[in-house]
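Engineer: A predicted structure for the sequence below; I have some questions about it.
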Amino acid sequence: MSAKSAKDKEKEKKDEANERLVAQNRRARHEYEVLDTVECGIVLVGSEVKTLRSGKVMLDDAYANVNKGEVWLVGCEIPEYVQANQFNHEPKRKRKLLLHRREIQKFASRAFEKGLTLVPLKLYFKRGKAKILLGICKGRQLHDKREKLKKETMNRDIQRAMRRG
């Protein structure tokens, strides 16, 4: 049993080595409280993949929407790929996210019932495939944001004091 766990750990390390971060939505961590996350694929055209490989994408205003049993990424801007000329894509088009049906039902029902939002947290390549980490998020009020910043600064000060002895 311990040999299997060692193999699992080795596989996880390989997966992390095969992951290449393209973009991260830092603003989402500040604006929202992330309750749960799910990894999903994304349907792209060739020129979009080329643009992502060069690291040009904006996730700031993006969110996911459930429509007729499918999840769509809305508001994510992937600029046009200059060398693609006539075969280029539309920068702000809706993009389909790939999830299993039971995952869609689970996450969509939670988001719909409690008034939560599906927000993309990061976009990355994993084993050559584009993936999005989608989070079920609850919006933070201004006082919650301030409270969070106070806690972070206090923890940072405590850590500094501990290091100094």
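Structural biologist: Structure's in. What do you need? Numbers count the residues shown, from 1 in each chain.

Engineer: contacts for the helix or strand hosting Arg163?
Structural biologist: If you go by DSSP states H and E, Arg163 is part of helix 142-164. Applying CB atoms under 8 Å, 6 or more residues apart in numbering, the set of residues contacting helix 142-164 from outside is His30, Glu31, Glu33, Arg140. In this view, the C-beta of every residue, glycine as well, is placed from N, C-alpha and C.

Engineer: repeat that for 10 Å
Structural biologist: Identification of contacts with helix 142-164 by CB atoms under 10 Å, 6 or more residues apart in numbering yields Arg29, His30, Glu31, Glu33, Lys138, Arg140, Gln141.

Engineer: could you point out which element follows the helix or strand of the chain with the lowest mean pLDDT?
Structural biologist: The weakest-scoring helix or strand in the chain, judged by mean pLDDT, DSSP states H and E, is helix 2-17 (a mean of 61). Using DSSP H and E, the helix or strand that follows helix 2-17 in sequence is strand 19-24.

Engineer: tell me what that next one is packed against?
Structural biologist: On a contact count with 3 or more CB pairs under 10 Å, 6 or more residues apart in numbering; DSSP states H and E, strand 19-24 meets helix 46-53, strand 117-126, strand 129-139.

Engineer: which parts of the next helix or strand after that strand are buried?
Structural biologist: Using DSSP H and E, the helix or strand that follows strand 19-24 towards the C-terminus is helix 26-31. Under the neighbour-count criterion of 16 or more other CB atoms under 10 Å, helix 26-31 has Ala28, Arg29 buried.

Engineer: do the same with stretch 30-42
Structural biologist: Tyr32, Val38, Cys40, Ile42.

Engineer: Next, format those as JSON lines and append pLDDT.
Structural biologist: Formatted as JSON lines, these follow (pLDDT from 0 to 100):
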{"residue": "Tyr32", "pLDDT": "84"}
{"residue": "Val38", "pLDDT": "89"}
{"residue": "Cys40", "pLDDT": "91"}
{"residue": "Ile42", "pLDDT": "91"}
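
Engineer: Please produce CSV containing those, extended by secondary structure.
Structural biologist: Below are the buried residues of stretch 30-42 laid out as CSV (DSSP: H, G, I helix; E, B strand; the rest coil):
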residue, secondary structure
Tyr32, strand
Val38, strand
Cys40, strand
Ile42, strand
